[in-house]
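Undergrad: give me a 3D structure for the following:
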Amino acid sequence: MRDFRDAKVMAHTLRAALATKGHKVTNSESLELIAQAFGVTDWNTLSAAIREEAAGPHSNAAAPQSPTTATIHRALACARQRKHQYVTLEHLLLALLDDVDASAVMMACKVDLGGLKEKLTNYIDNDLKTLAIYDSGEPKHTAGFQRVVWQRAAHYAEERGRLNWTGAELLVAIFAERQSPAARLLGEQNMTREDALNFIVHGIVKGGGETAT
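TA: Next comes the predicted model:
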């Protein structure tokens, strides 16, 4: 019998079955449906559980949340607190300011974390007022949020030969969403994707070519 470790196979089977009935869903949508079927918040949470299981035996004590999962949960909490129907890349970037890996990259790229937080908070509290207010349930993920969290960040990690992705990969993935306010606000800090990769891959701090220790 299949269990949560077979989630990707089950998602593929579900997608194929729905297609035969004329219902087309994306790969990300099928993964989300399987995650919900197992009673977890989202695919990233279920994926983390699968990776933990694959790592081998562990104690019966509850495993601590991974930093990446905690960051995504903070983004959801930010949207939930404001009763936003959708969780966006701006909610995610605000959460990444408190992510140890992402904040290290931003500091290496000379980002003013306090100034960025102020602008993000102002944007979320004011410009995102147009988001519909939800009555119950969890905020939905925008398409951009899904691409960054479940596709691009994982792809960047795989390119580096890593099984797990961190807040650093999530941060880099935001730059691919060029039309997003999140990417624009990072650009206003004179931070580029290349700056981030120089630090992540080579340990080079922006300005002066110093190598991080």
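Undergrad: just the pLDDT for T142.
TA: At T142, the model reports a pLDDT of 92.
Undergrad: same question, R82
TA: R82 carries a pLDDT score of 89 in this model.
Undergrad: list phi and psi for it.
TA: In this entry, R82 is assigned phi and psi values of phi -90, psi 0 (degrees, to the nearest 10).
Undergrad: give me every residue that touches the residue nearest to the spatial centre of the chain.
TA: Nearest to the centroid of the C-alpha atoms of the chain, with distances taken as C-alpha atoms, centre = their mean, sits V149, at 3.4 Å. Listed by C-beta atoms under 8 Å, 6 or more residues apart in numbering, the contact set of V149 reads 44, 72, 92, 141, 170, 173. For every residue, glycine as well, the C-beta is placed using N, CA and C.
Undergrad: helix, strand or coil for K24?
TA: In three-state terms, and counting by DSSP: H, G, I helix; E, B strand; the rest coil, K24 is coil.
Undergrad: show me what secondary structure element comes after the lowest-mean-pLDDT helix or strand in the chain.
TA: The element with the least model confidence among the helices and strands of the chain, by mean pLDDT, DSSP states H and E, is helix 43-54, at a mean of 67. Read in the C-terminal direction, the helix or strand following helix 43-54 is helix 67-81, with elements assigned using DSSP states H and E.
Undergrad: what's the first helix or strand after that next one?
TA: For helix 67-81, the succeeding helix or strand toward the C-terminus, using DSSP H and E, is strand 86-87.
Undergrad: domain parsing for the chain?
TA: Following the assignment in automatic domain parsing, the chain carries domains at 4-54, 67-202.
Undergrad: A176 versus D125, what's the distance?
TA: Note on D125: its distance to A176, by C-beta to C-beta, to the nearest Å, is 26 Å.
Undergrad: who has more neighbours out of the two?
TA: A side-by-side neighbour count of D125 and A176, using other C-beta atoms under 10 Å, places A176 first with 17 against 10.
Undergrad: SS state for that one?
TA: Going by three-state DSSP: A176 is coil.
Undergrad: which stretches in this structure count as helices?
TA: Along the chain, counting by DSSP state H, helices occupy 7-20, 27-37, 43-54, 67-81, 89-96, 100-108, 113-126, 143-147, 153-159, 167-174, 181-188, 193-202.
Undergrad: comparing these by mean pLDDT, which bottoms out?
TA: helix 43-54 (a mean of 67).
Undergrad: ok, how many other residues are close to D127?
TA: Summarising burial for D127: neighbours were counted as other C-beta under 10 Å, giving 11.
Undergrad: could you report the neighbour count for the closest residue to it other than its chain neighbours?
TA: Counting by C-beta to C-beta, 6 or more residues apart in numbering, the nearest residue to D127 once its immediate chain neighbours are dropped is P181, at 7.4 Å. By the criterion of other C-beta under 10 Å, P181 has 18 neighbours.
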